[in-house]
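A.B. asks: after the sequence you'll find the predicted model.
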Amino acid sequence: MNSAFATPTASLDDPFYYLTNFRFVLDWVGERHADLLSAEERDFLSQFNILPRASQALLVRMVMRKGELFRLSKLSYAEIGDSATAIAPLIALGWVDDQPALSIDELFNQLRLAELRHILADEIRASGLNASSAKTVLYDTLASRFTQAVPLKVWWPNAPDRVVRLTVMNICDRLRLMFFGNLRQDWAEFVLTELGLQRFEAVPFTPQSRAFQSRQEVDTYLALHYLRQRLDEGELPAELHPEVPPPADNHWLATRRARLLLQLGREAERSGESALALTLYGDAGSSEARIRQLRVLERLGEHQTAFELATQALESSPNETERQALARMLPRLRRRLKLPAVPSDIEPAHERWDLTLPGAQFVERAVVEALSEPHAPVYYVENSLITGLFGLLCWPAIFAPLPGAFFHPFHHGPADLYRDDFVARRRDIFDACLARLEDGSYREVIQAIWQEKFGLVSPFVHWPIVDEALVELALTCIPAEHLRACFERLLGDLKANRAGLPDLIQLLPDAPAGTPRYRMIEVKGPGDRLQDNQRRWLTFFHRHEIPVAVCYVRWADSAEPMP
């Protein structure tokens, strides 16, 4: 039976609000992911429920803090009471280690400077350091002498405090992953919702709605995540590449794997490991990886191989971004291989405005002030107006409760938003939404959705910019056929095409009949140039006779020429 997501709300007036939220996640995962849990994880869920409330709360406080090591004296919370009492059951379960071995790095992170000076006094004197040396100086001088990790009582037999280590963070992270379907979101989502800073669409779901269908999928996600962490921490691509999991049948995980391989390839390329970079880009298989692979081949002088791969890519219906890159690359490769030139598409000329404005300032705002008139206002909208109108009209399609799209109460958008089959899976719903542009009902629909959904999180509607007055005026001035063309282009590649739209729009509600009632304006400050995604939009506007101009700005006190 379908129901709607009920966003959990624990009153922030309740001092144990965070415990209520944590229990919600455990109950949710236990109910919907029981078949994906190990015996240890099922034991965690059952044991947690029978712990004293103070012990439950202290564990959650530790989980929500950064790191796994804590000084007991700093685990002080009024609602929990004595932390030594609360932590005892956690120690008994092995969820907290009260005698963890501490490396020299961990020791320096946990102790204050005065404490370090006290327990390392002999080493400080033997090294000839000043007793008042800074913490960084002590570390740089002494760290190499201590290679063993030992408990605090060995470092400091008479320590007045205890350092403890949380040992179940990996379990809690796995449970959080199964709930959110990612590790970007954390417990702060609950607090932001409880504060009213985030409100989410209530999407129907079934009890089977979940991010992962097998434990292997969870393992693969975590493996990819930790490999990326290790890359960010400086491990070499050559060391990490053999550990990359094999391709998965799950398209979502395959995309994450391709993204990791792309990152490994970029790092290998930066390090001069061209052969490894080529292998990684080839394994990634994404359009961006293919372009990077071709550029590496060019730099290596492998022009014939690059030409053959580029030709194959062009014949395989690449997306606009890849096609644009190939259109630049192929003529260059043809010249180097002494092949006949092939006529290329000529980029259409765009209307150009040149403005000289006083003083250096925020350039888009300066142009807004220079061009705005009472009956022809200019708005700074960048990528927010067209995408916002699209998001409002197509709200039913974007938030359709399809399998794999929504599986917890905190979705900022459907989980499959940027997957290849996102639009195809909803094509009938999108067609029904876009049909409103044909029958003339789109204005009423967009305005009604604005009223009904105002403030709800959406991947396309940026409410501070897309206010009610701007929406109404834009719908008055922008023809339905122009909106339809733009919306269809967005649907062609939601991730790439939602960016690159002009900075400004001027709305002309009183324009004479037969003349445009609006114009898009791309602003370029001194030294700025059109980006590739902006050029693609300008070419699209030209093809559909959508009014647009590029405004080049020069400051009055600058000698720099216009581009």
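C.D. replies: Noted; the coordinates are in hand.

A.B. asks: can you get me a residue count around Ser271?
C.D. replies: A count of nearby residues for Ser271, using other CB atoms under 10 Å, gives 13. C-beta here means a position set from N, CA and C on the backbone, and glycine is covered the same way.

A.B. asks: same check on Leu300?
C.D. replies: Residues contacting Leu300 under the criterion other CB under 10 Å number 13.

A.B. asks: distance check, it against Ala306.
C.D. replies: Using CB to CB, to the nearest Å, Leu300 is found at 9 Å from Ala306.

A.B. asks: ok, now Met520?
C.D. replies: 37 Å.

A.B. asks: equivalent analysis for Thr279, please.
C.D. replies: Going from Thr279 to Ala306 by CB to CB gives 16 Å.

A.B. asks: neighbour count: the two, which is higher?
C.D. replies: Shown here are Thr279 and Ala306; by other CB under 10 Å, Ala306 has more neighbours (24 against 18).

A.B. asks: list the contacts for the more buried one?
C.D. replies: With contact taken as CB atoms under 8 Å, 6 or more residues apart in numbering, Ala306 is in contact with Leu294, Leu297, Glu298, Met329, Leu333.

A.B. asks: quick check, nearest of those residues to His482?
C.D. replies: Met329 (32.5 Å; CB to CB).

A.B. asks: follow-up on the earlier one: between the contacts of Ala306, which has the most around it?
C.D. replies: Within the contacts of Ala306, neighbour counts (other CB under 10 Å) peak at Leu294, which reaches 24 neighbours.

A.B. asks: ok, and the closest non-adjacent residue to that one?
C.D. replies: Ala306 (5.1 Å; CB to CB, 6 or more residues apart in numbering).

A.B. asks: show the pLDDT at that neighbour.
C.D. replies: Looking at Ala306, its pLDDT reads 96.

A.B. asks: give me phi/psi at the closest residue to Arg32 other than its chain neighbours?
C.D. replies: Leaving aside its chain neighbours, Arg32 sits nearest to Arg210 (5.2 Å; criterion: CB to CB, 6+ apart). Here is the backbone geometry of Arg210 (degrees, to the nearest 10): phi -160, psi 160.

A.B. asks: Phe108: neighbour count?
C.D. replies: Residues lying near Phe108 (other CB under 10 Å) number 18.

A.B. asks: in the helix or strand containing it, what's buried?
C.D. replies: Following DSSP states H and E, one finds Phe108 within helix 104-110. Under the neighbour-count criterion of 16 or more other CB atoms under 10 Å, helix 104-110 has Ile104, Glu106, Leu107, Phe108, Gln110 buried.

A.B. asks: just stretch 136-150 next, same as before
C.D. replies: Leu138, Tyr139, Thr141, Leu142, Phe146.

A.B. asks: now it: average pLDDT?
C.D. replies: For stretch 136-150, mean pLDDT is 94.

A.B. asks: that older thread, mind saving the C-alpha coords of the helix holding Phe108 as PDB?
C.D. replies: Extracted C-alpha coordinates of helix 104-110, given in PDB (Å, rounded to 0.1, in the frame of the first residue of the first chain):
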ATOM      1  CA  ILE A 104      51.700  10.500  18.400                       C
ATOM      2  CA  ASP A 105      49.500  12.300  15.900                       C
ATOM      3  CA  GLU A 106      46.400  11.400  17.900                       C
ATOM      4  CA  LEU A 107      48.100  12.400  21.200                       C
ATOM      5  CA  PHE A 108      48.800  15.800  19.800                       C
ATOM      6  CA  ASN A 109      45.200  16.200  18.600                       C
ATOM      7  CA  GLN A 110      43.700  15.200  22.000                       C
END
